[in-house]
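A.B. asks: Can you look at this prediction? I've put the sequence above it.
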Amino acid sequence: MTETDDIDLLLTLNPHGWSSCFLFVKDNTFELIITHSFSNPYLDLIQVLTNLIYGHNNATLFWYGEPGGHRIEINKIMTEQHKVMVSITQFDENFYKEQKQYSLMITFDIKLKQLITILYLQLKKTHFLLRDKQFSENRIHDFPFQEFHKFEKTAKQFLDI
């Protein structure tokens, strides 16, 4: 497990049903390529974050590629309730096949408020960029506006902003 608070993330909504996520942990960079073919990764992310805010002890998020993808597991650290452990593994099987083998990319712990802040602001950035007609042209249907507005209220209250 990587011990650091030097963690950041860049989530980019690309055109035509794809997204990319760059995770920066200490001196390492990890890239996750995400397809929107099998689910809405933004909606899935919002649901996971909302569950964590409402006190769930763990949550799992799958971001699929073509083929393979990533499993992101977030678990509260019971001895430090304000922190969560994030574990990202990758798999090679296609969406419709049972995932049999996962390989660990990174595990780190982070304060829950720090994680929510980072991801909320990435979602807010995307929401703001989609106001631009040219930017939104091939992206507008990939972002869950209604769910984001609900999440935004919840996140702001949780973060006290």
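C.D. replies: Sure, I can see it. Numbers count the residues shown, from 1 in each chain.
A.B. asks: can you give me the helices in this structure?
C.D. replies: Under the criterion DSSP state H, the chain contains helices at 41-53, 112-129, 133-136, 145-159.
A.B. asks: Run the angle between the last one and helix 41-53 for me.
C.D. replies: To tie it back to what came earlier, the one meant is helix 145-159. 30 degrees (axes from the mean of the first three to the mean of the last three Cα atoms, to 10 degrees).
A.B. asks: What's the separation between the spatially most central residue of the chain and Glu80?
C.D. replies: Centroid-nearest residue in the chain: Leu45, 4.9 Å away (criterion: Cα atoms, centre = their mean). For Leu45, the distance to Glu80 equals 23 Å [Cβ to Cβ, to the nearest Å]. The way it works is simple: take the backbone N, C-alpha and C, and place the C-beta from them, glycine included.
A.B. asks: any weak-confidence spans in this protein?
C.D. replies: Low-confidence segments of the chain (pLDDT under 70): 94-100.
A.B. asks: who's in contact with the longest strand along the chain?
C.D. replies: Secondary structure of the chain per DSSP state E: the longest strand is strand 80-91. Strand 80-91 is contacted from outside by 1, 23, 30, 32, 52, 68-77, 99, 101-113, 115, using Cβ atoms under 8 Å, 6 or more residues apart in numbering.
A.B. asks: So among the residues you listed, which ones count as buried?
C.D. replies: Applying 16 or more other Cβ atoms under 10 Å to the contacts of strand 80-91, the neighbour count classes 23, 32, 52, 69-76, 102, 105-106, 108-110, 112, 115 as buried.
A.B. asks: List the ones among these that fall in strands.
C.D. replies: Per DSSP E, the buried ones among the contacts of strand 80-91 map to strands at 23, 32, 69-76, 105-106, 108-110.
A.B. asks: what's the most distant pair in those?
C.D. replies: The distance between the two most remote of those (Cβ to Cβ) is 24.0 Å, for Gly69 and Lys76.
A.B. asks: contacting residues for the residue nearest to the centre of the chain?
C.D. replies: Per Cβ under 8 Å, 6+ apart, neighbours of Leu45: 61, 119, 123.
A.B. asks: so which of these is the most crowded?
C.D. replies: Leu123 (22 neighbours; other Cβ atoms under 10 Å).
A.B. asks: Alright, I will stop here.
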